[in-house]
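Novice: Mind folding the following:
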Amino acid sequence: MPVRTLILCSFLLSLGPQGLAHAGDYKVGLAKMVVTPEGALWLSGYGARTRPAEGKANDLYAKAVVFEMAREAHESADGARLVLVTLDVGSVSPYMTERVAAGAQKRFGVPRGSLVLNCSHTHCAPEVAAERRVFHDLSDEEEAKLAQYIEGLTEKLVDLIGAAITDLRPARLSVSGAEADFAFNRRHPSGIDRNGVTDREVPVLRIADPDGTLRGVLFGYACHNTTLDFQQYCGDYAGFAQQYVEEAHPGAIALFVMGCGGDQNPQPRHGPKGLEHAKRHGRTLADAVEKALAGAQRAVHGPLRVAYDVATLELEPLPPLDQLRSANRARDKTADRKVRYLQGVIDAGKDIPLTQPCPLHAASFGDDLLVIFISGETVVDYALRCKRELAGPAGPAVWVAGYCDDVFAYLPSRRVLLEGGYEGRDSIVHQLMATPFLPNVEERVMAGVTKLVAQANGDAK
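Specialist: Okay, here's the model as predicted:
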């Protein structure tokens, strides 16, 4: 039996008999807003692009959900709050995340560790990645438009969080799961490894009023949003899946949570039928969500606890400066830009960091649900390991999200790093990080996750 099937079976077995949490265990608030630019901005994801967007296939959204314990329901409730913002954009950076966090702290008292920004990584949204000026052919005018969009977006996200907090009211939560089959491991010369490691689980969190009326649906999937390679704004398969779920449940808000899909691609993709493929993948994912909503539910109740920390990941030593300066710049335009960027930092008298901060969060919903949030373009091995080590028939349902808070680069597992290839080493030429990670990267991340899970479970301080 494939690994992914074993993991999914374990997840489903952990659901137990159908049921909903007691009304009043939690308060939940939801809000959404359109974040599609009014004008034509440079699109994210593909370095070969040479011009801005040309219209839209569907709108881009930011959505927020706030979870809070109802004090009257549990004497142990300590006012813990989890604020999750999902974004139809290609990336999030420390600049964006910290600005939103500062605004949410100042206006609503949200602690930094309680706020998570998760991006869908659609390649058909404005280019907001921090490395855009180094690696894209952006004019000053295009950069100014993007900078203005980012400033406006961060302000809107603080308002969005406020709207979700205002919407807080008693809710029932339950978790379930299904599977979608269009994600394939891409670490093969052909771009499709049909026997490669995948995580096709679709975790689903149902949010309902005390009377059972559906208010919100969180669902996840571990796969790049790269079905499309055209010049229009679009949320790709995740955008269409959210649209279809909301159409099936008028009045409810559907939020897509990007999983650990750094080494996964949707298939088929691209080409003249790209939009058709994206809609079909979206329908497949929405159908999986509907199957999960109609299937066995595990009631979610008990204390909400959140934990946050920043792991420090180590990078390989920088090559000697004379070697860096004498590099053959003509061999590759992207490599040339990377060399010139690093040389510029050195010539300015600054140190080049050889560590990378990696924000991590864990949220425990009693004994029923554990959600782990990891930054970077996280590969699927992290989700499979977390679920293998932390779930089980007697344990909580474990949900692992990547692409949170800071999409600094691909975050390889030890296996992927040592194998090399694009996600392991080669992609670093496109990133501001100086060099690839050291082989201890996975253990550093997992040590941080383990510590936070213990804190979220009340086992450690």
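Novice: neighbours around Ala296, how many?
Specialist: For Ala296, the tally of surrounding residues (other Cβ atoms under 10 Å) stands at 15. Using the backbone N, CA and C atoms, a C-beta is placed for each residue, glycine as well.
Novice: shouldn't it be in contact with Ser174?
Specialist: No: between Ala296 and Ser174 there is no contact under Cβ atoms under 8 Å: 9.4 Å.
Novice: okay, and the common contacts of these two?
Specialist: Between them, Ala296 and Ser174 share no contacting residue under Cβ atoms under 8 Å, 6 or more residues apart in numbering.
Novice: mind listing the strands for the stretch 301-450 of the chain?
Specialist: Per DSSP state E, counting those that start in this stretch, the stretch 301-450 of the chain carries strands over the ranges 304-314, 355-365, 369-374, 377-378, 397-401, 410-411.
Novice: can you check the stretch 1-150 of the chain too?
Specialist: Per DSSP E, counting those that start in this stretch, the stretch 1-150 of the chain carries strands over the ranges 26-34, 61-69, 81-87, 115-119.
Novice: ok, the third one: who's next to it in the sheet?
Specialist: In the sheet containing strand 81-87, its partner strands are strand 61-69 (antiparallel), strand 115-119 (parallel), by DSSP bridges.
Novice: next one: the first one
Specialist: Sheet pairing for strand 26-34, assigned by DSSP bridges, gives strand 61-69 (antiparallel), strand 169-179 (antiparallel).
Novice: how close does Lys63 sit to Val85?
Specialist: Noted for Lys63: a distance of 7 Å to Val85, by Cβ to Cβ, to the nearest Å.
Novice: Kindly report the same for Val379.
Specialist: Val379 is 23 Å from Val85, by Cβ to Cβ.
Novice: of those two, who's got more company?
Specialist: Between Val379 and Val85, counted using other Cβ under 10 Å, Val379 has the larger neighbour count: 29 against 26.
Novice: Find residues that contact each of Lys63 and Val85.
Specialist: Leu160.
Novice: List the contacts of Ala254.
Specialist: 216-217, 219, 241-243, 245-246, 289.
Novice: of all those, which comes closest to Pro393?
Specialist: Set against Pro393, the nearest of those by Cβ to Cβ is Phe219 (22.9 Å).
Novice: Name the SS class of that closest one, please.
Specialist: Counting by DSSP: H, G, I helix; E, B strand; the rest coil, the backbone at Phe219 sits in strand.
Novice: can you pull the contacts of the most centrally placed residue in the chain?
Specialist: Geometric centre of the chain, nearest residue: Tyr403, 3.2 Å, by Cα atoms, centre = their mean. Neighbouring residues of Tyr403 by Cβ under 8 Å, 6+ apart: 92, 118-121, 258, 261, 375-378.
Novice: Ok, Pro353 next?
Specialist: 315, 434.
Novice: Got the phi and psi for it?
Specialist: Per-residue torsions, Pro353: phi -60, psi 140 (degrees, to the nearest 10).
Novice: Redo the strands of the stretch 1-150 of the chain as TSV? Include mean pLDDT and distance to Ala183.
Specialist: TSV is the format used below for those (pLDDT from 0 to 100; distance: least, Cβ to Cβ, whole Å):
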stretch	mean pLDDT	distance to Ala183
strand 26-34	98	25
strand 61-69	97	22
strand 81-87	98	18
strand 115-119	98	17
